[in-house]
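Engineer: no FASTA, just this:
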Ligand code: CP3
């Protein structure tokens with residue numbers, strides 16, 4: 001039995017005394033403790049593949065920031081790698097794929113991953129669960145199939161992902177074939193995460209915002225929905241499709257339990273559009289550069305707008321590495337101490 005199950009109760013729409021809080025990228029460079037652990041590994045990929053170190057940084061934000069959930073330390077790019085497309089993480093630049101997907105032959109050469117290809121993440125989840133000792137829930141995750149395709153085709157991060165979008169426009173049949181393979185791999189992976197102890201699953205569609213509305217439904221939401229159907233019977237699922245707030249009613253018609261929101265949508269409007277799901281978000285991470293007074297008033301306004309029930313407090317995207325750790329802790333404490341009228 002979990003000692004603090006606020007996140008799970010909020011996700012299921014059960015009554016809660018206060019809204020739970022966790023932060024995207026809470027296991028990351030804002031914590032000096034993370035940087036110290038990371039320095040023990042040769043590079044980012046070795047770090048991700050070391051279950052002891054991954055479990056250690058997974059727990060850090062729970063101990064240091066007092067958040068109501070842990071998220072397993074890994075990366076969405078472990079999926080392409082497990083399918084046979086390795087990546088590199090270039091210091092202060094981001095991911096790079098030496099080989100990208102261009103043709104049907106490239107897609108045929110990819111395998112459908114299963115838990116055996118990703119045993120190091122499963123091992124890290126088991127270790128983290130043990131060390132958490134039921135204090136708070138553990139969140140598992142994967143990238144949405146479209147965001148994963150975007151990296152596999154583009155080969156690196158991009159403002160426009162125009163190569164990936166060119167692929168969708170010129171090779172739609174191949175794109176669907178690749179999305180199917182990524183979806184199947186992700187379902188295998190997430191099922192193994194839940195069996196290993198992940199209490200809730202979040203799907204990150206970080207690049208949903210580069211698609212038009214129709215393209216989002218055809219190339220992204222369709223596959224997110226398949227993943228929700230496969231996982232929802234075993235664990236609640238959160239769908240975070242960044243910059244796709246026009247789609248929240250359609251996202252709400254999937255079998256997900258929680259919809260993640262970025263800061264471009266107004267909470268009151270989101271609540272009007274979505275009745276049967278829990279909302280998560282949506283403070284601008286840059287709010288944490290502001291002075292304490294501004295952080296307090298903006299956070300209080302957000303908490304009032306979302307209301308106590310069916311709400312999980314978070315940022316609208318991940319923490320930036322240069323945000324001060326003290327400001328992050330300050331934000332977490334404001335949320336935990338907020339008195340609802
Ligand atoms: O605390 C957590 O949120 C859990 C760990 C986590 C990481 N990546 C660790 C990480 C999670 C959930 C992710 C997901 C992820 N990875 C996403 C989706 C979420 C989002 O931010 O939109 C994406 C798009 C990626 C791909 C990725 N990984 C990029 C673009 C980068 C480089 C950018 C950067 O911040 O440097 C990474 C590297 C990465 N993944 C870091 C961390 C903590 C930083 C690497 C480091 O320690 O040097």
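Structural biologist: Thanks, I have the structure now. Just so it is clear, the structure is predicted and the values come from calculations on it, not from any experiment.
Engineer: From now on I want contacts and neighbour counts done on CA atoms only, so please keep to that.
Structural biologist: Will do.
Engineer: Point out the other helices and strands that the helix or strand containing residue 79 packs with.
Structural biologist: Under the criterion of DSSP states H and E, residue 79 resides in helix 78-83. Packing partners of helix 78-83 (3 or more CA pairs under 8 Å, 6 or more residues apart in numbering; DSSP states H and E): helix 145-154, helix 172-196.
Engineer: could you redo the last one with a cut-off of 7 Å?
Structural biologist: Packed against helix 78-83, as judged by 3 or more CA pairs under 7 Å, 6 or more residues apart in numbering; DSSP states H and E, are no other helices or strands.
Engineer: Quick one: distance of it to the chain centre.
Structural biologist: 17 Å (CA atoms, centre = their mean, to the nearest Å).
Engineer: Check what contacts it and list those residues.
Structural biologist: Residues outside helix 78-83 that contact it (CA atoms under 7 Å, 6 or more residues apart in numbering): 86-87, 110-113, 117-118, 152.
Engineer: who wins for neighbours among the residues you listed?
Structural biologist: residue 152 (25 neighbours; other CA atoms under 10 Å).
Engineer: Give me the distance between it and the ligand.
Structural biologist: Here residue 152 is placed at a distance of 12 Å from the ligand (CA to the nearest ligand atom, to the nearest Å).
Engineer: Is that residue in contact with residue 100, as I believe?
Structural biologist: Yes - in this structure residue 152 lies within contact range of residue 100 using CA atoms under 7 Å: 5.5 Å.
Engineer: Surely residue 140 is in a helix?
Structural biologist: No - using DSSP: H, G, I helix; E, B strand; the rest coil, the assignment for residue 140 is strand, not a helix.
Engineer: Surely it is in contact with residue 196?
Structural biologist: No - if you go by CA under 7 Å, residue 140 and residue 196 don't touch, sitting 9.9 Å apart.
Engineer: Distance of residue 328 relative to the ligand?
Structural biologist: Applying CA to the nearest ligand atom to residue 328 and the ligand gives a distance of 13 Å.
Engineer: ok, back up a step: which one of the contacts of helix 78-83 is nearest to the ligand?
Structural biologist: residue 87 (10.4 Å; CA to the nearest ligand atom).
Engineer: What pLDDT is listed against residue 340?
Structural biologist: On pLDDT, residue 340 comes in at 87.
Engineer: For the stretch 151-300 of the chain, what lies in contact range of the ligand?
Structural biologist: 204, 206 (CA under 6 Å from any ligand atom).
Engineer: all helices for the stretch 151-300 of the chain, in order.
Structural biologist: With DSSP state H, counting those that start in this stretch as the criterion, the stretch 151-300 of the chain has helices at 162-170, 172-196, 213-215, 222-231, 248-252, 267-273, 292-306.
Engineer: I'd like these as JSON lines, with mean pLDDT appended.
Structural biologist: Shown next, in JSON lines, are the helices of the stretch 151-300 of the chain (pLDDT from 0 to 100):
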{"stretch": "helix 162-170", "mean pLDDT": "98"}
{"stretch": "helix 172-196", "mean pLDDT": "98"}
{"stretch": "helix 213-215", "mean pLDDT": "98"}
{"stretch": "helix 222-231", "mean pLDDT": "98"}
{"stretch": "helix 248-252", "mean pLDDT": "98"}
{"stretch": "helix 267-273", "mean pLDDT": "97"}
{"stretch": "helix 292-306", "mean pLDDT": "98"}
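Engineer: For my notes, please list those helices in CSV and give distance to residue 78 and mean neighbour count for each entry.
Structural biologist: Formatted as CSV, these follow (distance: least, CA to CA, whole Å; neighbours: other CA atoms under 10 Å):
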stretch, distance to residue 78, mean neighbour count
helix 162-170, 19, 16
helix 172-196, 10, 20
helix 213-215, 25, 13
helix 222-231, 17, 20
helix 248-252, 25, 18
helix 267-273, 32, 15
helix 292-306, 34, 16
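Engineer: circling back: list the buried ones in the next helix or strand after the helix holding residue 79?
Structural biologist: Using DSSP H and E, the next helix or strand after helix 78-83 towards the C-terminus is strand 88-90. Residues residue 88 are the ones in strand 88-90 that count as buried (16 or more other CA atoms under 10 Å).
Engineer: What is the subsequent helix or strand relative to strand 88-90?
Structural biologist: strand 94-96.
Engineer: what ranges do the strands span in the stretch 1-150 of the chain?
Structural biologist: Secondary structure of the stretch 1-150 of the chain (DSSP state E, counting those that start in this stretch): strands at 70-71, 88-90, 94-96, 138-143.
Engineer: Let's test this: mean pLDDT of the first one, rounded?
Structural biologist: Just to be clear, that refers to strand 70-71. Computed over strand 70-71, the average pLDDT equals 98.
Engineer: chain center to it, what's the gap?
Structural biologist: Centroid displacement of strand 70-71 relative to its chain, using CA atoms, centre = their mean, is 10 Å.
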